[in-house]
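Peer 1: sequence and predicted structure, then a few things I'm wondering about:
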Amino acid sequence: MRDYLDVGQDELYRETADSYGAAVARLARAYEADADRRRDLVQEIHIALWRSFTSFDGRCSLRTWVYRVSHNAAISYVMRQQRNNAPLVTLEDLESLPDGRAGEDAADRSRALERLLALIQQLKPVDRQVILSYLEGMDAAAIGEITGLSPGNVATKIHRIKHILTRQFHQGGRHVG
Amino acid sequence: MSDNLGGDDPIQVWQSQPVEPLIMSIDEIRKKASKFQRRIRGRNLRETVASFVAIGIIALFFKWYPDPVQRIGSCLTIAGYLYVIWRMNGPAAAGRVPLDATFESCLTFHRRELARQRDLLRTVWRWYLGPLVPGLAVSIIGVMARRARHPSDWLRVLPFLIVLPVVFWIIGRLNGRAADCLQRHIDDLERAVEQ
């Protein structure tokens, strides 16, 4: 792992913006549907990241740090917006919902993405954080590091996520991790 | 496990979505960050300056008060304002969530912060209005004891004696309403995070 202790705040931020800019934009999309407000949220996250690098000590990976700070900035944003939003649900709630949309034909990627976003945006914060980390390709240990949840808890949630994705989007076919 | 989004891997669908990453120079980031910090500092400063202006006005009148009771009243009011300033900048000052906190500690922080603000609003009598009451009461008594030549003179101050508690009561009620509003926000938050 690269030694980040010798790297300055600005350089760390530049590196983060280059490597994780797209991931931050995707994360913001999962937290805010409105395009204008999403731009504000992305800015807030970038400012939080830049500020956070004054205290980055390399005890966790840069990726873990970036996701942790980004999620926290997004959660803080959600907390402020909470009263205007629809009630949020848990993974357990989604699992128990009738599988009404399972038979729909998600004809293209864009439609599939819309459905995935709609599913994510109605999740409660902790579940949203887990599913986003899962979709960003992180393993249970990394998700646990970001969320502070126990490995067992993360494993249970990932299992539920896979189950929900299968039920909500199953059209028969390919295998996912 | 068989799982897809209309034939696509959800992880692939998610990661390949078209997004426009933000392009901001370090200077822009720095400017926006310091603007944010200035806004926080400005808010705290405004509240403190308003209290010091009130203290300044009371101190200005102090030299024109020949009566010791009025002077005691002024001193008590100033002491009350100093207490309010200390509370606003000490125990009442807003905390900030550590940027790298884990998710759970981030939420715990938000809940604790909202609860702290709610409690401050509910106890506004104890730390904001209450400390000003002795000074104001002694000042009014001082003025009347000096000027009232006739019992009917006391009646002239009656409206003031009624209006002042009413104003304090309204301030207390408004703060109580704001506390109820925060409680609803806390309840929403609890519902949002409960597992």
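Peer 2: On my side now, so go ahead. Residues are numbered from 1 along each chain as shown, chains lettered A, B, ... in the order given.

Peer 1: got the buried residues for the helix or strand of chain B with the lowest mean pLDDT?
Peer 2: Lowest on mean pLDDT, DSSP states H and E among the helices and strands of chain B sits helix B:151-156, with a mean of 72. Across helix B:151-156, burial judged by 16 or more other CB atoms under 10 Å in any protein chain shown covers no residue at all. Where you see a C-beta, it was placed from the backbone N, CA and C, and this is true even at glycine.

Peer 1: how distant is that helix from the center of its chain?
Peer 2: A distance of 38 Å separates the centroid of the chain from that of helix B:151-156, by CA atoms, centre = their mean, to the nearest Å.

Peer 1: so where's chain B uncertain?
Peer 2: Chain B contains residues with pLDDT under 70 at B:1-8, B:36-37, B:39-41, B:43-44, B:91-106, B:148, B:188-189, B:191-195.

Peer 1: give me the element residue 45 is part of.
Peer 2: Assuming you mean chain A. Per DSSP states H and E, A:I45 falls inside helix A:35-52.

Peer 1: chain B, not that one
Peer 2: Counting by DSSP H and E, B:L45 is part of helix B:26-62.

Peer 1: and A:R115, how far from A:Y134?
Peer 2: 16 Å (CB to CB, to the nearest Å).

Peer 1: and for B:G73?
Peer 2: B:G73 is 66 Å from A:Y134, by CB to CB.

Peer 1: same question for A:S52.
Peer 2: Taking CB to CB, one finds A:S52 at 23 Å from A:Y134.

Peer 1: again with A:I75
Peer 2: Look at A:I75 and A:Y134: by CB to CB, they are 17 Å apart.

Peer 1: what ranges do the helices span in chain B?
Peer 2: For chain B, the helices defined by DSSP state H occupy B:10-15, B:26-62, B:68-89, B:103-122, B:124, B:133-147, B:151-156, B:158-193.

Peer 1: mind giving me the packing neighbours of the first one?
Peer 2: Counting contacts by 3 or more CB pairs under 8 Å, 6 or more residues apart in numbering or on different chains; DSSP states H and E, the secondary-structure elements packed against helix B:10-15 are helix A:109-121, helix A:125-135.

Peer 1: need the winner for burial among the ones you listed.
Peer 2: Comparing the helices and strands packed on helix B:10-15 by mean neighbour count (mean count of other CB atoms under 10 Å in any protein chain shown), helix A:125-135 comes out on top with a mean of 25.

Peer 1: helix or strand right after that helix?
Peer 2: Assigned by DSSP H and E, the successor of helix A:125-135 is helix A:140-147.

Peer 1: helices and strands around that following helix, which ones?
Peer 2: helix A:62-81, helix A:125-135, helix A:151-169, helix B:103-122.

Peer 1: let me know whether A:L91 touches A:L165 as I believe.
Peer 2: No - between A:L91 and A:L165 there is no contact under CB atoms under 8 Å: 10.7 Å.

Peer 1: okay, now B:A59: neighbour count?
Peer 2: With neighbours defined by other CB atoms under 10 Å in any protein chain shown, the count for B:A59 comes to 13.

Peer 1: state the distance from the nearest residue to A:H71 once chain neighbours are set aside to A:A17.
Peer 2: Using CB to CB, 6 or more residues apart in numbering or on different chains and skipping residues adjacent in sequence, the residue nearest A:H71 is A:Q129, 5.2 Å away. To A:A17, A:Q129 is 21 Å away according to CB to CB.

Peer 1: picking that back up, helices or strands up against the helix holding A:I45?
Peer 2: Helix A:35-52 sits against helix A:9-31, helix A:62-81, helix B:26-62, with contacts defined as 3+ CB pairs under 8 Å, 6+ apart.

Peer 1: for the helices and strands packed on helix A:140-147, which one ends up most surrounded?
Peer 2: Buried most deeply of the helices and strands packed on helix A:140-147, by mean count of other CB under 10 Å, is helix A:125-135, with a mean of 25.

Peer 1: specify the angle between that helix and helix A:151-169 in degrees.
Peer 2: Angle of helix A:125-135 versus helix A:151-169, following axes from the mean of the first three to the mean of the last three CA atoms, to 10 degrees, is 80 degrees.

Peer 1: any idea of the angle helix A:125-135 forms with helix A:140-147?
Peer 2: 140 degrees.

Peer 1: how about helix A:125-135 as PDB, C-alpha atoms only?
Peer 2: Listed next in PDB are the C-alpha coordinates belonging to helix A:125-135 (Å, rounded to 0.1, in the frame of the first residue of the first chain):
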ATOM      1  CA  PRO A 125     -29.300   5.000   5.400                       C
ATOM      2  CA  VAL A 126     -27.400   2.000   6.700                       C
ATOM      3  CA  ASP A 127     -28.900  -0.400   4.200                       C
ATOM      4  CA  ARG A 128     -28.300   2.100   1.400                       C
ATOM      5  CA  GLN A 129     -24.700   2.400   2.400                       C
ATOM      6  CA  VAL A 130     -24.300  -1.400   2.400                       C
ATOM      7  CA  ILE A 131     -25.900  -1.900  -1.000                       C
ATOM      8  CA  LEU A 132     -23.900   1.000  -2.500                       C
ATOM      9  CA  SER A 133     -20.700  -0.500  -1.200                       C
ATOM     10  CA  TYR A 134     -21.700  -3.900  -2.500                       C
ATOM     11  CA  LEU A 135     -22.500  -2.400  -6.000                       C
END
